[in-house]
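Enquirer: Pasting a predicted model and its sequence here:
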Amino acid sequence: MTAPDTAASAAAALMELSGISKRFTRRLDAAAKIAQLLGARLREETVHAVDDVSLAIAEGEVVGLVGESGCGKSTLGRVVAGIHQASAGTVTYRGRDVAALEGRERMATALAIQMIFQDPMSSLNPRLRVAEIIGEAVRVHRLVPRPDLDDYVADLMRRVGLDPDYRKRYPHQFSGGQRQRIGIARALAVRPEFLVCDEAVAALDVSIQAQVLNLFMELRQDFNLTYLFISHDLGVVEHLSDRVLIMYLGRIVEEAPTEALFGDPNHPYTQALLAEVPRLEPGRRIFKPITGEIPSPINPPPGCHFHPRCPHAMERCRVERPALRPTGPGRFSACHLNDEARG
Amino acid sequence: MADPLLVVRDLRTHFFTRTGVVKAVDGASFSVNRGEVLGIVGESGSGKSIAGFSIMGLVDPPGRVVDGAMTFDGIDLRALPDEEMRGLRGRRIAMVFQDPMMTLNPVLRIDTQMIEALTAHIRIGKADARARCRDALGMVGIPAPEERLSAYPHQFSGGMRQRVAIAIALLHEPDLIIADEPTTALDVTIQAQILYEVQNLVHTRDMAMLWITHDLSVVAGLADRIAVMYAGRVVETGPTEEIVERPLHPYTQGLIGSVPSRSKRGSKLRQIPGMAPSPLNLPEGCAFRPRCAYATERCGQSPADRELLPGRWGRCHHPLHLAAAGRPELAKP
């Protein structure tokens, strides 16, 4: 499949992925290899966590990435953030292939892209004080002169809504929402341009979640940030994003500006997702859920991954993988139905 | 209308820890009728789960139900001897937990566990018991229930495990099911499937259900009535639609404002400032006072639970929206 020329790539894209795949293989250990020699049917298992994904993100844009658990959205986020190496495909940042960068440039790019994680407790070192957590990367990379470091950290803490008096405390002395703010301050400390937020508000209570979402929106303006916002929560993504990507079993099945996607979803999976999101709109609804569950990514169904659950599945869907094709201005969908409709 | 199946009045469950008395539930009142879903909504630490455990008689030391009344179908649950409570639990009142592995034993097959749950309360032949278990699995939408009976819990996906847990809760056709965040760990499409099954079950079997959750939008489509909990107290109860459209308590209003929705896209969310107080150290009077935009000196005194509008109870000195409803005398602080 060739990379679809997305709308954003026409304008200079900040971040561009083309043909990205990420596979995880469980190698056989010594015992399993012996068992295999003796005739046991053991094979190496490969999970296609991300399967040939291409996308472009423009500067200043907030892109939401939505999918259910196991769809590969976090893996894709980690590839974007440079934590995982892609098994295939290239990541370009400001027009340069990230994998080919060296030395100073490589470092600058790594700092420019920061990630915020779901669980602030497991992503903050419990034995470091807050000031050390936030200031560590700044100190190591010598971004701020030593004597100014304290003030710099205090400024950051104020900026994310933490009292700088707490700088000598440890992560366990903070509530969940405050810990997430520490994680945000740590990411901001190295003056990034691009933030990958992986379920950054999923673990928070609703009222705290609203506070953190508001903070993200303020920071976007103040620091001119670009976001890849990964979430399973459609409400959160709709609230924050300019453009939304829907992922299913390692592939992007639909891409559209937020208004368009929520107003008129094209892909049957997107339609099902939208229909099933509980909404705060009064009036009882009888749920008519799509049936079945997400198939295992070790052994995904052939053709369109969604066909076993799709109410409109045809013979063609079982054999041929639908390409992500334009369906309207800035809109792309991977569904054979669109071809049928066009005749 | 018949008496409610379950009436909880001014329930107080406290935990006596070394650091002090944790007032997990400190004045919760609500009731559920047959064929009705009551959504109990609250954030973490609001006491919603402990309220559920208290009804089930599952509060362990250092926790204790210290005050209040719980009446289930005319039975005083607090006065009930342990032996009789055990007869009630699982048979007439069942509970579904957030993590189905809390209910399921990982080393036993599903049929072993389900049949055990049946024979704990009734005498039944093996073949009959198996048939009943199979039917229960079918009822919650598990495909090929006959084969799945002989599977182990780890062979099920998360959503399927939760269905098994619900099937076990349904085995004795209980009058009341207490569901504690049963879909929180599940994906949206799976959650929708389970909500669908549950709605059907409650209405076709005339069961009562307590659906405990932190997610207001889940109960907005499911529950007939909602009770909102904050810092151990039920601060507001009423029919779902009315609460979502016209919340009376400022905390409920804040919760609704915090949920991203279509109409608020791109705008700033109306957040509640600050965070919930520690249950070890609740503020005097109304616990929401430090975060409330409408708080006055009067809020230093604990507001009583009173009927603010017909069918709508709340604990607030300055309830919202009352002027619009033609009750100006209550709206003025």
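Expert: All right, it came through fine.

Enquirer: Which SSE is immediately downstream of the helix of greatest length in chain B?
Expert: Taking DSSP state H as the criterion, chain B has its longest helix at helix B:188-205. Once the chain leaves helix B:188-205, the next helix or strand it forms, by DSSP states H and E, is strand B:208-213.

Enquirer: Which secondary structure state does A:H48 sit in?
Expert: Following DSSP: H, G, I helix; E, B strand; the rest coil, the label given to A:H48 is strand.

Enquirer: List the buried residues for the longest helix of chain B?
Expert: B:188-199, B:201-202 (16 or more other CB atoms under 10 Å in any protein chain shown). Bear in mind the C-beta positions are built from the backbone N, C-alpha and C, glycine included.

Enquirer: any weak-confidence spans in chain B?
Expert: Under the criterion of pLDDT under 70, the regions of chain B flagged as low confidence span B:1-2, B:262-264, B:323-333.

Enquirer: Let me know the angle separating the longest helix of chain B from strand B:208-213.
Expert: The directions of helix B:188-205 and strand B:208-213 differ by 160 degrees, with axes from the mean of the first three to the mean of the last three CA atoms, to 10 degrees as the criterion.

Enquirer: Can you list the neighbours in contact with helix B:188-205?
Expert: Contacts made with helix B:188-205 from outside it, assessed by CB atoms under 8 Å, 6 or more residues apart in numbering or on different chains, are listed as A:68, A:232, A:234, A:272-273, A:275-278, A:286-291, A:293, B:35-37, B:139-141, B:158-159, B:162-163, B:166, B:170, B:173, B:179, B:182-183, B:186, B:207-209, B:211, B:218, B:221-222.

Enquirer: wait, does stretch B:124-141 contact chain A?
Expert: No - shown here: stretch B:124-141 not in contact with chain A (CB under 8 Å from any CB of the partner chain), separated by at least 8.6 Å.

Enquirer: Do a quick rundown of the helices in chain A.
Expert: Secondary structure of chain A by DSSP H: the helices cover A:7-10, A:30-37, A:73-80, A:103-112, A:120-123, A:130-140, A:149-159, A:176-189, A:206-223, A:234-240, A:258-263, A:268-276, A:315-319, A:337-342.

Enquirer: Excluding chain neighbours, give the residue nearest to B:S31 in space.
Expert: B:P4 (3.8 Å; CB to CB, 6 or more residues apart in numbering or on different chains).

Enquirer: Residues of the stretch 201-333 of chain B that sit close to chain A?
Expert: By CB under 8 Å from any CB, the residues of the stretch 201-333 of chain B that approach chain A are B:214-218, B:220-222, B:240-241, B:244-245, B:254-262, B:264-266, B:268-273, B:275-276.

Enquirer: how close does the residue nearest to B:S31 get to chain A?
Expert: Distance from B:P4 to chain A, counting by CB to the nearest CB, to the nearest Å: 20 Å.

Enquirer: Is it correct that that residue is in contact with B:V32?
Expert: Yes - with contact taken as CB atoms under 8 Å, B:P4 and B:V32 are classed as touching, separated by 6.0 Å.

Enquirer: Show the contacting residues for the nearest residue to A:L156 once chain neighbours are set aside.
Expert: Closest residue to A:L156 apart from its sequence neighbours, by CB to CB, 6+ apart: A:A185 at 4.6 Å. If a contact means CB under 8 Å, 6+ apart, then A:A185 has A:134, A:153, A:156-157, A:159-160, A:162 as its contacts.

Enquirer: Next: B:S217.
Expert: Per CB under 8 Å, 6+ apart, neighbours of B:S217: A:235, A:277-280, B:259.

Enquirer: Turn those into TSV, including distance to B:P303 and neighbour count.
Expert: Compiled in TSV, the contacts of B:S217 are given as follows (distance: CB to CB, whole Å; neighbours: other CB atoms under 10 Å in any protein chain shown):
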residue	distance to B:P303	neighbour count
A:G235	31	19
A:V277	35	17
A:P278	30	23
A:R279	31	18
A:L280	26	20
B:V259	25	23
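
Enquirer: Pull the most distant pair out of those.
Expert: A:V277 and B:V259 (11.6 Å; CB to CB).

Enquirer: Helices along chain B, start to end?
Expert: If DSSP H is used as the criterion, the helices of chain B fall at B:48-56, B:82-88, B:110-119, B:126-139, B:145-148, B:158-170, B:188-205, B:216-220, B:240-245, B:250-258, B:328-331.

Enquirer: so A:V138 touches A:P192, yeah?
Expert: No - taking CB under 8 Å as the definition, A:V138 is not a contact partner of A:P192, at 12.0 Å.

Enquirer: Dump the C-alpha coordinates for stretch A:93-107 into CSV.
Expert: What follows is stretch A:93-107 as a C-alpha-only set of coordinates in CSV (Å, rounded to 0.1, in the frame of the first residue of the first chain):
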residue,chain,number,x,y,z
TYR,A,93,10.1,15.1,11.9
ARG,A,94,10.4,18.5,10.3
GLY,A,95,11.1,16.8,7.0
ARG,A,96,14.1,14.7,8.3
ASP,A,97,14.2,11.0,8.8
VAL,A,98,14.4,10.5,12.6
ALA,A,99,16.2,7.2,12.3
ALA,A,100,19.0,8.8,10.3
LEU,A,101,19.6,11.7,12.6
GLU,A,102,22.8,11.7,14.6
GLY,A,103,24.5,13.5,17.5
ARG,A,104,23.2,16.9,18.4
GLU,A,105,20.3,16.8,16.0
ARG,A,106,19.2,13.5,17.3
MET,A,107,19.2,14.8,20.8
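
Enquirer: contacting residues around it?
Expert: The list of residues contacting stretch A:93-107 from outside it, by CB under 8 Å, 6+ apart, reads A:12, A:14-16, A:82, A:85, A:90-92, A:109, A:112-113, A:141, A:194.

Enquirer: if we go to 7 Å?
Expert: Stretch A:93-107 is contacted from outside by A:14-15, A:82, A:90-92, A:109, using CB atoms under 7 Å, 6 or more residues apart in numbering or on different chains.

Enquirer: Restricted to strands, list those residues.
Expert: With strands defined by DSSP state E, the entries of the contacts of stretch A:93-107 inside them are A:14-15, A:90-92.

Enquirer: where's B:R298 relative to chain A, distance?
Expert: Remark: distance between B:R298 and chain A (CB to the nearest CB) = 24 Å.

Enquirer: can you count the residues close to A:I290?
Expert: 20 (other CB atoms under 10 Å in any protein chain shown).

Enquirer: Find the nearest non-adjacent residue to it, please.
Expert: Leaving aside its sequence neighbours, A:I290 is closest to A:A272 (4.3 Å, by CB to CB, 6+ apart).

Enquirer: now do B:M56
Expert: Taking CB to CB, 6+ apart, and ignoring the residues beside it in sequence, B:M56 has B:M95 as its nearest neighbour in space, at 5.5 Å.

Enquirer: ok, the residue positioned nearest the centre of chain B - contacts?
Expert: Compute the mean C-alpha point of chain B, and by CA atoms, centre = their mean the closest residue is B:I212, 2.6 Å away. In this structure, B:I212 makes contact with B:40, B:48-49, B:52, B:179-181, judged by CB under 7 Å, 6+ apart.

Enquirer: Swap in 6 Å and give it another go.
Expert: B:40, B:48, B:52, B:180 (CB atoms under 6 Å, 6 or more residues apart in numbering or on different chains).

Enquirer: Kindly indicate which of these lies nearest A:G303.
Expert: Minimum separation from A:G303 among those (CB to CB) is found for B:D180, which lies at 40.4 Å.

Enquirer: Identify the bridge partners of the residue nearest to that closest one when sequence neighbours are not counted.
Expert: In space, B:D180 comes closest to B:I212 once its chain neighbours are excluded; the distance is 4.6 Å by CB to CB, 6+ apart. Each beta-bridge partner of B:I212 is listed here: B:I40, B:D180, as defined by DSSP bridges.
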